[in-house]
Each structure stands twice: as structure tokens, then as C-alpha cells.
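Student: Give me a 3D structure for the following:
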Amino acid sequence: MAVPILKQGNYLIASIQSALSDGEVLELRDSLAERIGTLRSRGIVIDVAGLDVIDSFVARSLKTIAQTAKLRGADTVIVGIQPDVAVAMVQFRLNLFPVQTALDLEEALALLDAATKDGGRNGG
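Tutor: Numbering: from 1, shown residues only. Just a heads-up that it's a prediction; the model follows:
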């Protein structure tokens, strides 16, 4: 199942609805990297609220997506990490650092607005 990617202003919003295979995670990475350039996006929000588990592969992949996006000129914010998923990630020492996280879409958009305001991004 492909992850829907919506464009909202200068941002892309990817909403993960259910667990993804490794191939689907890689497809999401490639699709976001390509769309940043074609749509000239300044930021990405990845909603992981549909995930019951964030394992080491998904955590690494989210970091890779954020690093790839940054190299393409876009900031990334991860939203919707469920409380039990967050606890499990801490217990297994998985983290998304240095990727920004936010509670919800509204907070993520505010973070991206602040990061991109007046070209205020690092290196921007």
C-alpha cells in the first residue's frame, strides 16, 4: 500500500496509515526526495500515527528521509508517535535524533513555518 503524499502550500504531508514493508519505506523515501524537487517543497511532515511499532529499520529510514530531504532543501518533522510506541522506542534505545518531532500536524506546520521564515533555515 503506497503512502499518500499531499501538498499543502510549500510542504508535503505523508500520512502512514498502517505498517509498511521495507520496500514500501524505501519507496516513500524515494518518492519524497523526488517530489521535493519537482514541487519545490520547503518542508515535509510525516505522520506515523498509524504505526503500532517503530522498529530500528523504520527509525533509521525516517532519519534517512530527513537527511535526504535536508540535502534537497527541505526540513522534516515527524508527528503522531503514539505514547506506547514512544515508550518502546526509549526502552529499545531507538531515537529519531536529530529529526524534529511534534505532537500533531498543527504543531509541525508551525515548526516548519518558523524554520523557513525569511530563509531562516541553516544553510538556507
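
Student: what about Pro4, how many neighbours?
Tutor: Neighbours of Pro4 under the rule other C-beta atoms under 10 Å: 11. Where you see a C-beta, it was placed from the backbone N, CA and C, and this is true even at glycine.

Student: Look up the pLDDT of the residue lying closest to it once chain neighbours are set aside for me, please.
Tutor: Computed as C-beta to C-beta, 6 or more residues apart in numbering, the closest residue to Pro4 that is not its neighbour in sequence is Ser15, at 5.8 Å. Looking at Ser15, its pLDDT reads 97.

Student: Next: the one 3 residues further on.
Tutor: Reported pLDDT at Ser18 in the predicted model: 94.

Student: got the phi/psi numbers for it?
Tutor: Note on Ser18: backbone dihedrals following degrees, to the nearest 10 are phi -160, psi 170.

Student: thinking again about what came up before, how many other residues sit next to the residue nearest to Pro4?
Tutor: With other C-beta under 10 Å as criterion, Ser15 counts 17.

Student: Bridge partners for the most centrally placed residue in the chain, pull those for me.
Tutor: Geometric centre of the chain, nearest residue: Ile46, 3.5 Å, by C-alpha atoms, centre = their mean. Beta-bridge partners recorded for Ile46 (DSSP bridges): Ala14, Ile78.

Student: tell me the contacts of it?
Tutor: Neighbour list for Ile46: Ala14, Ile16, Leu62, Ile65, Thr76, Val77, Ile78, Val79 [criterion: C-beta atoms under 8 Å, 6 or more residues apart in numbering].

Student: CA atoms of whatever helix or strand the third one lives in as PDB?
Tutor: In this assignment (DSSP states H and E), Leu62 forms part of helix 56-71. As requested, the backbone C-alpha atoms of helix 56-71 are provided in PDB (Å, rounded to 0.1, in the frame of the first residue of the first chain):
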ATOM      1  CA  SER A  56      15.100   0.000  14.200                       C
ATOM      2  CA  PHE A  57      14.700  -0.200  10.400                       C
ATOM      3  CA  VAL A  58      11.800   2.300  10.400                       C
ATOM      4  CA  ALA A  59      13.600   4.700  12.800                       C
ATOM      5  CA  ARG A  60      16.800   4.600  10.600                       C
ATOM      6  CA  SER A  61      14.700   5.100   7.500                       C
ATOM      7  CA  LEU A  62      12.900   8.100   9.000                       C
ATOM      8  CA  LYS A  63      16.300   9.600   9.800                       C
ATOM      9  CA  THR A  64      17.500   8.900   6.200                       C
ATOM     10  CA  ILE A  65      14.400  10.500   4.800                       C
ATOM     11  CA  ALA A  66      15.000  13.600   6.900                       C
ATOM     12  CA  GLN A  67      18.700  13.800   5.900                       C
ATOM     13  CA  THR A  68      17.800  13.300   2.200                       C
ATOM     14  CA  ALA A  69      15.200  16.000   2.400                       C
ATOM     15  CA  LYS A  70      17.600  18.400   4.100                       C
ATOM     16  CA  LEU A  71      20.100  17.800   1.300                       C
END
